[in-house]
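In: sequence plus predicted model, see below.
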Amino acid sequence: MSAATKEQEVLAFERPEVMADRATHYCPGCHHGVAHRLVAELLTEMELVEKTICVTSIGCSVFLYNYLLVDSVEAPHGRAPAVATGVKRARPDNFVLTYQGDGDLASIGMAEIMHCANRGERVSVVFVNNTVYGMTGGQMAPTTLIGQKTTTCPGGRCREHEGMPIKMAEIIAGLGGVVFSARAALNNVKNIRQAKKFLKTAFEVQTKGLGFGFVELLSACPTNWKMNPVKANQRIETEMIPYFPLGIYKDLSNEGGVC
Amino acid sequence: MAKNERKFLKGNEAVAHGALAAGCRCFFGYPITPQNDIPEFMSKAIVDAGGEFVQAESEVAAANMLLGAGACGIRAMTSSSSPGVSLKQEAISYMAGSDIPAVIVNMSRGGPGLGDIGPSQGDYYQSTRGGGHGDYRTLVLAPGTVQEAFDLTMLAFDLAFKYRNPVLVLGDAIVGQMKEPVLMRPAVKVSKAEGKSWRLEGKGTRKPRIIKSLFLDDGALADQNRRLQAKYEAMRAEIMAEEFQVKDAELVVVAFGSIGRIAKTAVRKLRAKGKKVGLFRPITLFPFPDAALAKLAKAGKKFLTIEHNLGQMVDDVRLAVRAHADSGFFGVYPGDMPSPEDFEEPILKALRRKK
């Protein structure tokens, strides 16, 4: 690159300091990187970096602690909301965050997320829903769509055998301790902006001591969907959003919380 | 608290009092008989002491809450009974693998499966062999009296933080449910610096900390296991056992917990009849007091292991004495309640044995 063109470079996109300066292990087109970045931006903007304790889960995002430079503890599969409960009860003045995938949160960890939410623990949950078990190689998830082929439903998910995909943002919204529950998508700029707005509210209901905050992020897994990144983004729009509608399912953040 | 104050307590209550005296500040529980007095008592007492009580949705969740609080360097505990402790094994393995201090109390009951709600020592293997997946150990303390339930629970917290490791207190329905006078120890003041070099509290201006048990890099898991094994070896400094009239004994009865206490009565009765028998009662089940037993074996003693199970600790006794002796075994079936008289005939029979 010549000196002349270098001078014309405009830095449009800065890396938040809380994000490690390294390449991630995620596949091309995976949305974990976008979700990580949104979390990192908000922790920075809300001045929460120094007091954050992050509870990581099992799945592709188990290495979140390699990218998000905050105090972190690794939870067993599905147990992040229980671990987060222990962390928050032990350190009520810290900001406590879990980051979980769909297999982790909506299958093996269903009991933990439901009760953590219902108790109104002052924690924030980032739920990445890509309709598939990514790290283990593309098995059926609780959110796999009807007809979607995976390595454990090779003929496509069938309602009669596997039941319907689970809509977590709606379920969580129905629980008493929840102050904020919403669903966004990471497939385009407009939706990413909305995701950040939702995450910010979910974080605020914790910092204000109001209760439990939950954001579901519809995300792409091109590798296990066997699609290129562009097609995967399109799939979110044409297949996922119609079944998992975006929006706020519960917001009591202006009503003083739950108890 | 008045000096030398004594209280008339159930074993379960003594555990709770001991935990509070040790500075326990978070309790995560779930109902199961015969340990319900512990969460019931704690639901008020620990909150009054400025701590947190959570009735978890499951034993699985309770143990994982413990993992979270332990990672923060806070003195925390959970209690349960056998089927519930089986459910906690996942988190116990993770805590061992992540060097997280925690106290887990098991007031064990009869098994397998749902078993019954009466006493049993059927969880000896589970307690002393790790219990969950992977090569790990937890310190195991086995109270035989209500006073020991108090004292050993207090000690459990110190050991958990000394070694950054889960510590089990293994009682049973007898220890948990019986009432005895207890000398109340004064509460310790936990140092604010406890765990300061590793605990999670938000990174502040230092480098972030990660508490984890996943080690994928070449050689990293082997290094972690090497370090853990060295830690388990160092725990041998904590070995404890009671020896009762073993000096001139020809036969040493080996028994732990409530059975150790019942066996002691049998030994006393037989001594009164002039029989040369003694009692060896391991108090730490892991690490096991094998050197002391080997010494007794070398001195020419015979051994009889008595347990409230079908033969578990006897394996450790036989390993300990193997160079010089062997151990007989008398087992009380879980579901039966033993009395000192039940042990007299088996002890006399073992005494008549050649070796």
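Out: Perfect, I can see it now. Residues are numbered from 1 along each chain as shown, chains lettered A, B, ... in the order given.

In: and the stretch 51-200 of chain A, which residues reach chain B?
Out: Within the stretch 51-200 of chain A, the positions adjacent to chain B are A:51-53, A:55-56, A:62, A:65, A:69-76, A:79, A:82-91, A:94-95, A:111-112, A:114-115, A:119 by Cβ under 8 Å from any Cβ of the partner chain. All C-beta spots, glycine's among them, are computed from the backbone N, C-alpha and C.

In: okay, now residue 146: neighbour count?
Out: I went with chain A, as the question did not name one. Residue A:146 has 14 neighbouring residues, counting by other Cβ atoms under 10 Å in any protein chain shown.

In: oops, chain B please
Out: Counted with other Cβ under 10 Å, residue B:146 comes out at 26.

In: enumerate every residue touching it.
Out: The contact partners of residue B:146, by Cβ atoms under 8 Å, 6 or more residues apart in numbering or on different chains, come to B:9-11, B:14, B:175, B:178-182.

In: residues of chain B that sit close to chain A?
Out: Within reach of chain A by Cβ under 8 Å from any Cβ, chain B has these residues: B:25-26, B:28, B:52, B:54, B:56-58, B:60-62, B:64-72, B:74, B:76, B:90-91, B:94, B:98, B:200-205, B:208-214.

In: mind checking which of the residues you listed are buried?
Out: Buried by 16 or more other Cβ atoms under 10 Å in any protein chain shown: B:25-26, B:28, B:52, B:54, B:56-58, B:60-62, B:64-72, B:74, B:76, B:90-91, B:94, B:98, B:200-203, B:208-214, out of these.

In: identify those among the contacts of residue B:146 that sit within helices.
Out: B:11, B:14, B:175 (DSSP state H).

In: I'd guessed residue B:15 sits against residue B:155; true?
Out: No - using Cβ atoms under 8 Å as the test, residue B:15 is too far from residue B:155 to be in contact (12.0 Å).

In: more neighbours: which of these two?
Out: More neighbours surround residue B:15 than the other of residue B:15 and residue B:155, with 33 against 22 (other Cβ under 10 Å).

In: which stretches of the stretch 101-250 of chain A have low pLDDT?
Out: Scanning the stretch 101-250 of chain A for pLDDT under 70 picks out no residues.

In: what ranges does it have for its strands?
Out: Applying DSSP state E, counting those that start in this stretch to the stretch 101-250 of chain A gives strands spanning A:124-129, A:132-133, A:139-140, A:178-185, A:212-218, A:247-251.

In: which secondary structure elements does the first one sit against?
Out: Right, the one you point to is strand A:124-129. Judged by 3 or more Cβ pairs under 8 Å, 6 or more residues apart in numbering or on different chains; DSSP states H and E, the packing partners of strand A:124-129 are helix A:32-45, helix A:80-90, strand A:95-101, helix A:102-103, helix A:110-118, helix A:168-173, helix A:189-207, strand A:212-218.

In: quick one: strands adjacent to it?
Out: The strands beside strand A:124-129 in its sheet (DSSP bridges) come out as strand A:95-101 (parallel), strand A:212-218 (parallel).

In: cool, the second one as well?
Out: In the sheet containing strand A:132-133, the strands it pairs with under DSSP bridges are strand A:139-140 (antiparallel).

In: return the member of the ones in helices among the contacts of residue B:146 nearest to residue B:289.
Out: Proximity of the ones in helices among the contacts of residue B:146 to residue B:289 (Cβ to Cβ) peaks at residue B:175, which lies at 19.3 Å.

In: how far away is the closest one from chain A?
Out: Shown here: residue B:175 relative to chain A, a distance of 27 Å by Cβ to the nearest Cβ, to the nearest Å.

In: would you agree that residue is in contact with residue B:107?
Out: Yes - here residue B:175 reaches residue B:107: they are 7.0 Å apart, a contact under Cβ under 8 Å.

In: mean neighbour count for the strands paired with strand A:124-129 - can I get that in CSV?
Out: CSV is the format used below for the strands paired with strand A:124-129 (neighbours: other Cβ atoms under 10 Å in any protein chain shown):
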stretch, mean neighbour count
strand A:95-101, 28
strand A:212-218, 29
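
In: per-residue confidence at residue A:259?
Out: The model reports residue A:259 with a pLDDT of 58.

In: correct me if wrong: residue B:94 contacts residue A:76.
Out: Yes - taking contacts as Cβ under 8 Å, residue B:94 lies within contact range of residue A:76: 5.1 Å.

In: any shared contact partners between these two?
Out: Taking Cβ under 8 Å, 6+ apart as the criterion, residue B:94 and residue A:76 both touch residue B:67.

In: tell me which residues of the top helix by length along chain B are tucked away?
Out: The helix of greatest length in chain B, counted in residues with DSSP H as the criterion, is given as helix B:146-163. Judged by neighbour count (16+ other Cβ under 10 Å), helix B:146-163 contains these buried residues: B:146-161, B:163.

In: for burial, what's the neighbour tally of the residue in chain A positioned nearest to chain B?
Out: Ranking the residues of chain A by distance to chain B (Cβ to the nearest Cβ) places residue A:86 first, at 2.6 Å. Look at residue A:86: counted by other Cβ under 10 Å, it has 37 neighbours.

In: now residue A:9
Out: Applying other Cβ under 10 Å, we find 8 residues neighbouring residue A:9.

In: try residue A:13
Out: Per other Cβ under 10 Å, the neighbour tally for residue A:13 reads 6.

In: let me know the secondary structure of it.
Out: coil (DSSP: H, G, I helix; E, B strand; the rest coil).

In: pLDDT weak spots in the stretch 1-150 of chain B?
Out: Applying pLDDT under 70 to the stretch 1-150 of chain B flags residues B:1-2.

In: mind jotting down where the strands sit in it?
Out: Secondary structure of the stretch 1-150 of chain B by DSSP E, counting those that start in this stretch: the strands cover B:6-10, B:26-29, B:52-55, B:76-80, B:102-108, B:139-141.

In: my guess is residue B:104 contacts residue B:166. True?
Out: Yes - Residue B:104 is within contact range of residue B:166, at 6.0 Å (criterion: Cβ under 8 Å).

In: which residues sit in contact with residue 86?
Out: Since you didn't name a chain, this refers to chain A. Contacts of residue A:86 by Cβ under 8 Å, 6+ apart are B:26, B:28, B:64-72, B:76.

In: please go with chain B instead
Out: B:126, B:131.

In: the residue in the stretch 51-200 of chain B positioned nearest to chain A - nearest residue in space that isn't next to it in sequence?
Out: Scanning the stretch 51-200 of chain B for the residue nearest chain A gives residue B:68, at 2.6 Å (criterion: Cβ to the nearest Cβ). Nearest residue to residue B:68, sequence neighbours excluded (Cβ to Cβ, 6 or more residues apart in numbering or on different chains): residue A:86, at 2.6 Å.

In: many thanks, I have nothing further to ask.
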